[in-house]
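K.L.:
With the input below, show me the fold.
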Amino acid sequence: MVSQEQRRRQLAREKFLRQQQRRTSARNKARMRNSVIASVLGVVVIGSVALYTTGVLKSDDDKKTSAGADVSPSASPSSKAPDPCGKPAAGSVKKLSWKKEPAMTIDTSAKYTMKLATTCGDIDMSLKASAAPHTVNSFGFLAGKGYFDHTKCHRLTAQGIFVLQCGDPSATGSGGPGYTIPDENLKDKSLKANVYPAGTVAMANTGQKHTGGSQFFLVYKDSPLPPSYTPFGTITEAGMKVLTKIAAAGAQAADPTTGNTAPNATVVIDKATVTKS
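P.N.:
Purely as a prediction, here's the structure:
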């Protein structure tokens with residue numbers, strides 16, 4: 001017959017095992033979904049440089065800068081700096097999901113812009129509707145539904161590649177709109193020698209083809225990456241100043257569950273707007 005003490009110990013062991021299983025599941029899920037650096041890629045080699053991915057893809061800095069995107073040494077993952085951003089606007093993230101990609105409604109011959117009104121300032125960009133129609137159409141749809149409003153930019157990388165990643169309502173790196181869109185514009189003339197230049201706006205994905213969702217990244221300094229992430233926009237000079245300010249504040253240590261290195265700055269998208277001009 002099992003004593004009360006033995007039963008208590010058994011229940012404690014079972015509880016511990018359940019906790020471990022939940023933590024393992026959470027880590028696996030975070031690594032399987034929408035990472036700008038494709039968390040599921042494992043190890044990617046570009047030339048002789050190994051790029052290690054566990055939520056953050058790292059490589060040696062190629063020391064290139066452009067568009068005023070030079071970032072101070074304070075932008076290291078473990079640095080701490082004063083928060084340069086203001087308080088988020090009142091409101092909460094909408095929990096929205098769709099089963100399939102929205103119908104095409106944009107005019108691919110027209111010009112489109114996107115404004116991210118953030119707690120750190122406005123980040124404006126021109127969108128490449130003709131070269132990446134599915135992507136621009138999806139962003140117009142999501143922005144119109146308020147999908148990005150009040151969402152945090154959840155990752156800042158400051159070693160190897162230099163990007164701010166946003167677009168996940170869950171702020172974990174595993175969220176998405178419920179549908180995926182095809183890769184586009186991977187032969188864009190701006191992508192030279194496996195480098196995404198400063199000022200590029202591109203899609204995150206899982207490392208597999210055609211797995212883009214809602215997560216995207218903003219490149220604040222030239223970053224060595226294979227041409228696997230749809231480039232669909234270019235940040236304006238004023239927007240780059242805001243992005244550089246965010247990067248200069250540095251990033252936090254990696255979250256043990258998600259692997260994210262969140263920016264020290266409180267970067268929240270108060271409102272995202274896509275406009276036809």
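
K.L.:
Could you tell me how many residues sit around Lys189?
P.N.:
8 (other CB atoms under 10 Å). All C-beta atoms are positioned from the backbone trio N, CA, C, and that covers glycine.

K.L.:
How about Ser190?
P.N.:
Neighbours of Ser190 under the rule other CB under 10 Å: 13.

K.L.:
just checking, it touches Pro197?
P.N.:
Yes - using CB atoms under 8 Å, Ser190 is in contact with Pro197, at 5.8 Å.

K.L.:
which strands and helices sit next to the longest strand anywhere in the chain?
P.N.:
Assignment by DSSP state E gives strand 268-276 as the longest strand of the chain. Applying 3 or more CB pairs under 8 Å, 6 or more residues apart in numbering; DSSP states H and E, one finds that strand 268-276 makes contact with strand 112-118, helix 133-144, strand 151-152.

K.L.:
May I see these arranged in TSV, with distance to Asp270, mean neighbour count and mean pLDDT as well?
P.N.:
TSV is the format used below for these (distance: least, CB to CB, whole Å; neighbours: other CB atoms under 10 Å; pLDDT from 0 to 100):
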stretch	distance to Asp270	mean neighbour count	mean pLDDT
strand 112-118	5	22	98
helix 133-144	12	22	98
strand 151-152	10	22	98
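
K.L.:
For Gly91, which of those is the nearest?
P.N.:
strand 151-152 (10.5 Å; CB to CB).

K.L.:
circling back: which parts of the longest strand of the chain are buried?
P.N.:
Neighbour-count burial for strand 268-276, counted by 16 or more other CB atoms under 10 Å, picks out Val268, Ile269, Asp270, Lys271, Ala272, Val274.

K.L.:
Report the separation between the nearest residue to Ala131 once chain neighbours are set aside and Leu116.
P.N.:
The shortest distance from Ala131 to any non-neighbouring residue, by CB to CB, 6 or more residues apart in numbering, is to Asn185 (4.2 Å). Per CB to CB, to the nearest Å, Asn185 is found 20 Å from Leu116.

K.L.:
from what I can see Gly250 touches Pro82, true?
P.N.:
No - in terms of CB under 8 Å, Gly250 does not count as a neighbour of Pro82; the distance is 10.2 Å.

K.L.:
between these two, who's got more neighbours?
P.N.:
Gly250 (23 against 8).

K.L.:
if we can go back for a sec, and the longest strand of the chain with helix 133-144, angle?
P.N.:
Here strand 268-276 runs at an angle of 120 degrees relative to helix 133-144 (axes from the mean of the first three to the mean of the last three CA atoms, to 10 degrees).

K.L.:
Restricting the selection to alpha carbons, write strand 268-276 to CSV.
P.N.:
The C-alpha trace of strand 268-276 is given here as CSV (Å, rounded to 0.1, in the frame of the first residue of the first chain):
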residue,chain,number,x,y,z
VAL,A,268,6.1,49.6,-29.5
ILE,A,269,4.3,50.1,-32.8
ASP,A,270,1.4,52.4,-31.7
LYS,A,271,0.0,52.4,-35.3
ALA,A,272,1.0,51.0,-38.6
THR,A,273,-0.4,52.5,-41.8
VAL,A,274,0.0,51.5,-45.4
THR,A,275,-0.8,54.3,-47.9
LYS,A,276,-1.2,54.4,-51.7
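
K.L.:
Show me the strands paired with it, marking each as parallel or antiparallel.
P.N.:
Here strand 268-276 has these sheet partners by DSSP bridges: strand 112-118 (antiparallel), strand 151-152 (antiparallel).

K.L.:
Not counting sequence-adjacent ones, nearest residue to Cys120?
P.N.:
Cys85 (4.0 Å).

K.L.:
On the three-state scheme, the one you found is what?
P.N.:
Secondary structure for Cys85, judged by DSSP: H, G, I helix; E, B strand; the rest coil, is coil.

K.L.:
That one is in contact with Val267, isn't it?
P.N.:
Yes - using CB under 8 Å, Cys85 is in contact with Val267, at 6.3 Å.
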